[in-house]
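In: Here is my input, please return the structure:
(2 chains)
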Amino acid sequence: MTSPMLEIRNLHASVGGNPILRGVDLTVQAGEVHAIMGPNGSGKSTLAHVLAGRPGYEVTQGKVLYKGRDLLSMAPEMRAREGVFLAFQYPVEIPGVSNVYFLKNALNAIRKHRGEPEVDAMDFLKLTKEKAKLVQIDEDLVKRPVNEGFSGGEKKRNEIFQMAVLEPTLAVLDETDSGLDIDALRIVASGVNALRAPDRSMIVVTHYQRLLNYIVPDFLHVLVEGQIVLSGGKELALELEERGYAWLEKEPAAALA
Amino acid sequence: MEAVATENELYRASFDSFAEGRRGEPEWVGKIRSEAFARFAELGFPTVKDEDWKYTSVAPIARTVFTLANGGSTSPPGPLPEGEGVQIVFINGRHSPRLSRMPPSEKVQVWSLSEVLRKHPAWVEPHLSKLADYEKSAFTAWNTAFLDDGAFVNIPRGAVLADPIHLVYLSESQGEPTVSHPRTLIMAGPDSQATVVETYIGDANVYFTNAVTEIVLAQGAVLEHYKVQKEGLSEFHVQTLQVRQERASNFTSHNLALGAALARTDLNVIFAGEGGECTLNGLFAGAGSQHLDNHTLIDHAMPHCMSRELYKGILGGRSRGVFHGKIIVRPDAQKTDAMQTNKNLLLSKEALVNSTPALEIRADDVKCRHGSTIGQLDQGALFYLRSRGIGEEDARALLTYAFAADVASRIKVASIREGIEAFLGLRLKPSAEAA
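Out: Below is the predicted model of the structure:
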């Protein structure tokens, strides 16, 4: 039997000494798309960052297995090279480094790790053209310094563009929909959908049900106060849209029953 | 004060024998020399009590007795800068004809100063030591007292030179601490256009390069000047660059301070005519226990002049950087447009920078802005790069390079720009720094 893509077992994590995750369990098989919803402050973004290995996010208990291997012991760059990708909620601006230069370095670091030859400038250019089309990102943006002066929508599209180029096996999308208008949302979602594949899993973290009209998940989980209190199919999103999160926050035990 | 004067008196015997050997030179040179030595002895070395030397102690220079360097071998101690075209090389302050490539045409004059003083002193008399004031600076006085050799560059009226002229000053071990006093005079004729590169290179021994460069831009001249300081890491380096801009001239300086244990550059620009423009770009990048001090002064003495200044400091290890940028706008200098920016990046907890912008504005219809920042590598950006598979060390180097990218991108001479990129990519990596 092959191991699941991701297995999270009783994960506890703190930020700045404050416990945020209080025992998360989640299993994601290859090819599945899981959505994680929850109110503000429930720990959604913390979970995303813990998976990517952000310094300052301290795991106090539990374990995370990625393809059967201990993910938490890997440095952030090793996780990326092994195929983990985080689409940031707030992509960082890096003046002075062009998007293409940055991405070529990243891709070659990953390829080198896999024992594949580095891509040359010509092949890389071809690749970026093809992928830019996928997320409908302006080729000029691709050449500009990383995220500098990009609009919110352009930054989010750039995240999906990077994902398309780096072709991860596990992608975590942290509120990729926040701040997007409906057109930008459609573009981002269709880019993500184009990347769905039997050997690629995705975790879509979102605050709003709206995104899930476009990216239809296989499973949906509700995170409240650092724990998954409810799991179900995509239809659960509609119930959350109607009822909100309050009923889950007050009586999580009853809801689980 | 007397005790300090005595220190400089240590050089009197050396000066007397040096002056003795130069009896054949023009009388005016001898006179300048004697006056300068007297002033040097009188001034003593500056101390941290001097406002201009507040953050830079020259005690290591003051307590070392340097012998006057003499010539040296005919082979370069290290690789010469790559490139084609005109190149005049000096070893320990002495012209090396063998390593130099002199201009083939009459388009430009590039001479050894010592040869000019022997054969055509009248060429340099109007400017030599007229710009760099030895009354106030002990180091300029010291250089002037021992003024002997260096480069003389004369770009004739209307000449447009496509290729840079390289002036290379090499320091090489002579077994004991030595001092050399390179002296450069660059005269950019009316409506001329040229690029001059001064490079300072040394090996791993203790010496002191005490340089003075005087630059005159005649009306309408366009001059791009590079200083690439890559001295050895045990070396002391002090230079005064004194620039005078006549009407509607355009001066660009790229000041790259990368080497030396202790380095100080004073770059002083004066607008002596209306409509001048100057751009000062600077990068100082220190590691280990380096101390890199950059003082700039832009004197807007005339109206309608524009100055743009951008200095960036990158400091790792226990290194220390100093930026002091003074802008004076004289009472009649209306319509002055001056902008100064200094940004600093500290790569370690022990690194330190002192940034002091100083604006002295005495005219009322002017535009002057300045800004100064000190920061560290953005942890968010570092994680962002790593989350894409780029290793921590490479990510740090990439961000460090990015910090300096705007200064580097303004460098037009490709070999220098590539050198800076390689330098930032390699030496500033944390592992290299620890080594």
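In: what ranges do the helices span in chain A?
Out: For chain A, the helices defined by DSSP state H occupy A:44-52, A:76-81, A:99-113, A:121-134, A:139-143, A:152-166, A:182-194, A:236-243, A:246-250, A:252-256.
In: Just send those back as JSON lines, with distance to A:Gln227, mean pLDDT and mean neighbour count too.
Out: Backbone N, C-alpha and C define where each C-beta goes, glycine included. Output for these, formatted as JSON lines (distance: least, C-beta to C-beta, whole Å; pLDDT from 0 to 100; neighbours: other C-beta atoms under 10 Å in any protein chain shown):
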{"stretch": "helix A:44-52", "distance to A:Gln227": "11", "mean pLDDT": "97", "mean neighbour count": "24"}
{"stretch": "helix A:76-81", "distance to A:Gln227": "24", "mean pLDDT": "98", "mean neighbour count": "23"}
{"stretch": "helix A:99-113", "distance to A:Gln227": "33", "mean pLDDT": "95", "mean neighbour count": "20"}
{"stretch": "helix A:121-134", "distance to A:Gln227": "36", "mean pLDDT": "92", "mean neighbour count": "14"}
{"stretch": "helix A:139-143", "distance to A:Gln227": "39", "mean pLDDT": "87", "mean neighbour count": "14"}
{"stretch": "helix A:152-166", "distance to A:Gln227": "28", "mean pLDDT": "94", "mean neighbour count": "22"}
{"stretch": "helix A:182-194", "distance to A:Gln227": "27", "mean pLDDT": "91", "mean neighbour count": "17"}
{"stretch": "helix A:236-243", "distance to A:Gln227": "16", "mean pLDDT": "84", "mean neighbour count": "15"}
{"stretch": "helix A:246-250", "distance to A:Gln227": "10", "mean pLDDT": "76", "mean neighbour count": "14"}
{"stretch": "helix A:252-256", "distance to A:Gln227": "7", "mean pLDDT": "48", "mean neighbour count": "12"}
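In: Include distance to B:Gln340 when you put those helices into CSV, please.
Out: Shown next, in CSV, are these (distance: least, C-beta to C-beta, whole Å):
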stretch, distance to B:Gln340
helix A:44-52, 40
helix A:76-81, 38
helix A:99-113, 30
helix A:121-134, 38
helix A:139-143, 31
helix A:152-166, 32
helix A:182-194, 40
helix A:236-243, 55
helix A:246-250, 55
helix A:252-256, 59
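In: excluding its backbone neighbours, what's nearest the residue in the stretch 301-435 of chain B that chain A sits nearest to?
Out: Closest to chain A within the stretch 301-435 of chain B is B:Ala402: 3.1 Å, counting by C-beta to the nearest C-beta. Distance criterion C-beta to C-beta, 6 or more residues apart in numbering or on different chains; nearest residue to B:Ala402, sequence neighbours excluded, is A:Gly96 at 3.1 Å.
In: quick one: contacts for the one you found?
Out: Residues in contact with A:Gly96 (C-beta atoms under 8 Å, 6 or more residues apart in numbering or on different chains) are A:Pro145, B:Tyr401, B:Ala402, B:Phe403, B:Ala404, B:Ala405, B:Asp406.
In: Output the residues you listed in JSON lines; the columns should cover secondary structure.
Out: Below are those laid out as JSON lines (DSSP: H, G, I helix; E, B strand; the rest coil):
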{"residue": "A:Pro145", "secondary structure": "strand"}
{"residue": "B:Tyr401", "secondary structure": "helix"}
{"residue": "B:Ala402", "secondary structure": "helix"}
{"residue": "B:Phe403", "secondary structure": "helix"}
{"residue": "B:Ala404", "secondary structure": "helix"}
{"residue": "B:Ala405", "secondary structure": "helix"}
{"residue": "B:Asp406", "secondary structure": "helix"}
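In: Considering those residues, which possesses the most neighbours?
Out: Neighbour counts for the contacts of A:Gly96 (other C-beta atoms under 10 Å in any protein chain shown) peak at B:Phe403, which has 26 neighbours.
In: Before we move on, what's the pLDDT of that one?
Out: Here, the pLDDT recorded for B:Phe403 equals 93.
In: Run a quick neighbour tally on the nearest residue to it once chain neighbours are set aside.
Out: Spatially, and ignoring its direct neighbours in sequence, B:Phe403 is nearest to B:Leu345 (4.9 Å; C-beta to C-beta, 6+ apart). By other C-beta under 10 Å, 25 other residues sit near B:Leu345.
In: just to revisit the earlier point, out of the contacts of A:Gly96, which two sit at the greatest distance?
Out: A:Pro145 and B:Ala404 (13.8 Å; C-beta to C-beta).
In: Model confidence score at the residue in the stretch 1-150 of chain A that chain B sits nearest to, please.
Out: Closest contact between the stretch 1-150 of chain A and chain B, by C-beta to the nearest C-beta, is at A:Gly96 (3.1 Å). pLDDT for A:Gly96: 87.
In: now swap in B:Ser289 and tell me
Out: pLDDT, B:Ser289: 96.
In: Would you mind confirming that A:Arg111 is in contact with A:Phe124?
Out: No: between A:Arg111 and A:Phe124 there is no contact under C-beta atoms under 8 Å: 10.7 Å.
In: Angles on the backbone of B:Arg98, please.
Out: Phi and psi for B:Arg98, reported as degrees, to the nearest 10, are phi -60, psi -40.
In: give me the number of residues near it?
Out: Neighbours of B:Arg98 using other C-beta under 10 Å come to 10.
In: gap between it and B:Ile91?
Out: 10 Å (C-beta to C-beta, to the nearest Å).
In: Could you do B:Asp299 as well?
Out: 35 Å.
In: Need the distance between the two termini of stretch A:209-220.
Out: Separation of the first and last residues of stretch A:209-220 by C-alpha to C-alpha, to the nearest Å is 11 Å.
In: Please read the previous query as pertaining to stretch A:21-39.
Out: Termini of stretch A:21-39 sit 14 Å apart (C-alpha to C-alpha).
In: cool, and stretch B:88-99?
Out: 7 Å.
In: and what of stretch A:146-158?
Out: 9 Å.
In: Other residues contacting it?
Out: So stretch A:146-158 is contacted by A:87, A:91-95, A:97-99, A:102, A:135-138, A:141, A:144, A:176-177, A:179-181, A:184, A:187-188, A:191 (C-beta under 8 Å, 6+ apart).
In: Same question for stretch B:301-309.
Out: Outside stretch B:301-309, the residues that touch it by C-beta under 8 Å, 6+ apart are B:245, B:269-282, B:296, B:298, B:300, B:325, B:327-328, B:330, B:332-341, B:363.
In: what does the stretch 101-250 of chain A put close to chain B?
Out: Proximity of the stretch 101-250 of chain A to chain B, by C-beta under 8 Å from any C-beta of the partner chain, involves residues A:Phe102, A:Leu103, A:Asn105, A:Ala106, A:Leu107, A:Ala109, A:Ile110, A:His113, A:Pro145, A:Gln162, A:Leu166.
In: What's the PyMOL line that selects buried ones from the contacts of stretch B:301-309?
Out: Only the buried entries of those go into this PyMOL selection, using 16 or more other C-beta atoms under 10 Å in any protein chain shown:
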select buried, chain B and resi 245+269+270+271+272+273+275+276+277+278+279+280+281+282+296+298+300+325+327+328+330+333+336+338+340+341+363
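In: What about the contacts of stretch B:301-309, which are in strands?
Out: B:245, B:269-271, B:277-282, B:296, B:298, B:300, B:325, B:327-328, B:337-341 (DSSP state E).
In: can you pull the contacts of A:Met74?
Out: A:Met74 neighbours (C-beta under 8 Å, 6+ apart): A:Gly53, A:Glu82.
In: and it, what are its phi and psi?
Out: The phi/psi pair for A:Met74 (degrees, to the nearest 10) is phi -90, psi 140.
In: For it, report the pLDDT, please.
Out: At A:Met74, pLDDT is 97.
In: where's it relative to A:Leu65, distance?
Out: Taking C-beta to C-beta, one finds A:Met74 at 11 Å from A:Leu65.
In: Which parts of the stretch 301-435 of chain B are helices?
Out: Under the criterion DSSP state H, counting those that start in this stretch, the stretch 301-435 of chain B carries helices at the ranges B:379-386, B:392-409, B:414-426, B:430-434.
In: how about those helices, which one is nearest B:Thr199?
Out: It's helix B:414-426; of these, that one is closest to B:Thr199 (C-beta to C-beta) at 8.7 Å.
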